[in-house]
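Chemist: sequence first, then the predicted structure, then my questions.
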Amino acid sequence: MENDDSDQPGQRQEQGQEQAQHEAQNRVYMILAAVPSGKVVTYGQLAELAGLPRAARLVGRILSNLPKETQLPWHRVINAAGRISLAEDSPSFKLQKACLEEEGIVFSNNRVSLKKFNWQP
DNA sequence: ATGGTGACTTGGC
DNA sequence: TGCCAAGCCACCA
């Protein structure tokens, strides 16, 4: 048979995109959950490990959408400059910094030691 | 539908 | 060392 399975390209494609996004988000969660205490990872690294090169910004968006009750170590994610990508006066900033210091991360002038970037899965 | 913005990154000065 | 500009991706007005 000619197989007229009639996949409506439009709708199918749209669903595919949405699913892909969801998958990507899920992968980011997995990678993030695997980051050990005492270590940090940058948005770019997290994106790359999740198979999303050049999507550092997307990771930031995903984190911003995390529920406040999340179990994920979102506080272990910092930017490439070794800084916390949040406003200093923001409660989230203070929380993140406090969590990292609890884990032994040392800050110098609001910046994390670059040596901590050496985390391999 | 074009433009602006943001938990980003990299390269140049 | 620090600021600026361009690139990149998704979302919102």
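Modeler: Yep, it's here.

Chemist: can you show me the helices along chain A?
Modeler: A:9-33, A:43-49, A:56-65, A:91-102 (DSSP state H).

Chemist: residue A:106 and residue A:64, how far apart?
Modeler: As for residue A:106, its distance to residue A:64 is 26 Å (criterion: CB to CB, to the nearest Å). Every residue, glycine included, has its C-beta placed from N, CA and C.

Chemist: pLDDT weak spots in chain A?
Modeler: A:1-15, A:114-121 (pLDDT under 70).

Chemist: how about the contacts made by the residue lying closest to residue A:33 once chain neighbours are set aside?
Modeler: Sequence neighbours aside, residue A:72 is the residue nearest to residue A:33 in space, at 5.8 Å (criterion: CB to CB, 6 or more residues apart in numbering). Residues in contact with residue A:72 (CB atoms under 8 Å, 6 or more residues apart in numbering) are A:29, A:32, A:33, A:66.

Chemist: ok, and the most crowded of the residues you listed?
Modeler: Within those, most neighbours by other CB atoms under 10 Å means residue A:32, with 22 neighbours.

Chemist: how many other residues sit next to residue A:46?
Modeler: Look at residue A:46: counted by other CB under 10 Å, it has 24 neighbours.

Chemist: surely it is in contact with residue A:28?
Modeler: Yes: Residue A:46 is within contact range of residue A:28, at 6.4 Å (criterion: CB atoms under 8 Å).

Chemist: which neighbours do these two share?
Modeler: With CB under 8 Å, 6+ apart as the test, residue A:46 and residue A:28 both reach residue A:59.
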